[in-house]
Each structure stands twice: as structure tokens, then as C-alpha cells.
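Visitor: Attaching a predicted model along with its sequence, questions to come.
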Amino acid sequence: VINLEQEIVKSVQSNEHLECTLLETEMALKASNEAVVDLKAASDTSDEQSEILRTELNEANIARDEVEMKLLEVQSALEAAMLEQEFLRSKAQDAEQVFRAQLVRQAESELA
């Protein structure tokens, strides 16, 4: 039961880390989206700068796509960790019930 509780604590800590990573990734996605919007607005300026801005825009779009993929990975990892945490809680509850049943049987046999 103690090992299961330790596993649950580790799982919770892992979830908290994944949630922080998720927030960081979401902020990076937001910044990336803002950069794309800024670059789209700036791309209308001059013909000389247009090609450079198009390249930067493409790079920003690629970076945004990479951040979105990372966000999906982090979300999937968080969901998996939450499922694992729920499984561990269930396992701990089962172990606790078995332990209590053993205590009851032991107490009954000592009384008999």
C-alpha cells in the first residue's frame, strides 16, 4: 500500500510537470500565432522585403506547426499519466481492502 501511495505521489508530480509543460507549450503556440499574424501584416510592406518576410512567415508557420505537435504530445502524455494515476489509486484501494480483510480475519481467528 505504501509503494502504491508513493507511485501515486510520483504520478501526481509527473502530472504537475506535464501540466506546466502544457502551459509553456500553449504560451509558445500563442506567441508563434502572434508572430505569424505580425509577419502577415508586415509582408504587405515593400517588394524588396516581401521575399524575406515570406521566408520568415514560412519559418514561423513551420515553428507553429512544431509547437502544435508538441502540444498534442504533451496533452497525450498528460492524459496517459492521469489514466495511470487513476489505475494506481484503484490498485491502492484494492490492496487496502485486501489488507483490511486480512486484519479482520486475523482478529477473528485470535478471538476464536
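Guide: Happy to help now that I have it.
Visitor: Next one: Thr45, what pLDDT does it get?
Guide: On pLDDT, Thr45 comes in at 67.
Visitor: One more: Gln6?
Guide: pLDDT, Gln6: 86.
Visitor: so how far is the helix or strand containing it off the chain centroid?
Guide: Following DSSP states H and E, one finds Gln6 within helix 2-42. How far helix 2-42 lies from its chain's middle: 6 Å, per Cα atoms, centre = their mean, to the nearest Å.
Visitor: Going by contacts, tell me the helices and strands next to the helix or strand hosting Glu68.
Guide: Glu68 is located in helix 47-111, with elements delineated by DSSP H and E. Applying 3 or more Cβ pairs under 8 Å, 6 or more residues apart in numbering; DSSP states H and E, we find helix 47-111 packed against helix 2-42. C-betas here are computed from N, CA, C, even on glycine.
Visitor: low pLDDT regions in the protein?
Guide: Of all residues in the chain, those with pLDDT under 70 make up the ranges 43-47.
Visitor: I'd like the distance between Val67 and Ala60.
Guide: As judged by Cβ to Cβ, to the nearest Å, Val67 and Ala60 stand 10 Å apart.
Visitor: ditto for Val98
Guide: For Val98 relative to Ala60 (Cβ to Cβ), the value is 57 Å.
Visitor: repeat for Glu7
Guide: 42 Å.
Visitor: Same check on Leu39?
Guide: For Leu39, the distance to Ala60 - Cβ to Cβ - is 6 Å.
Visitor: With the flanking residues excluded, which residue is spatially nearest to Ala28?
Guide: Distance criterion Cβ to Cβ, 6 or more residues apart in numbering; nearest residue to Ala28, sequence neighbours excluded, is Val67 at 5.0 Å.
Visitor: is it true that the one you found touches Glu24?
Guide: No - using Cβ atoms under 8 Å, Val67 is not in contact with Glu24; the gap is 10.1 Å.
Visitor: More neighbours: the two, which one.
Guide: Taking neighbours as other Cβ atoms under 10 Å, Val67 and Glu24 compare with Val67 leading, 19 against 13.
Visitor: Nothing else from me, thank you.
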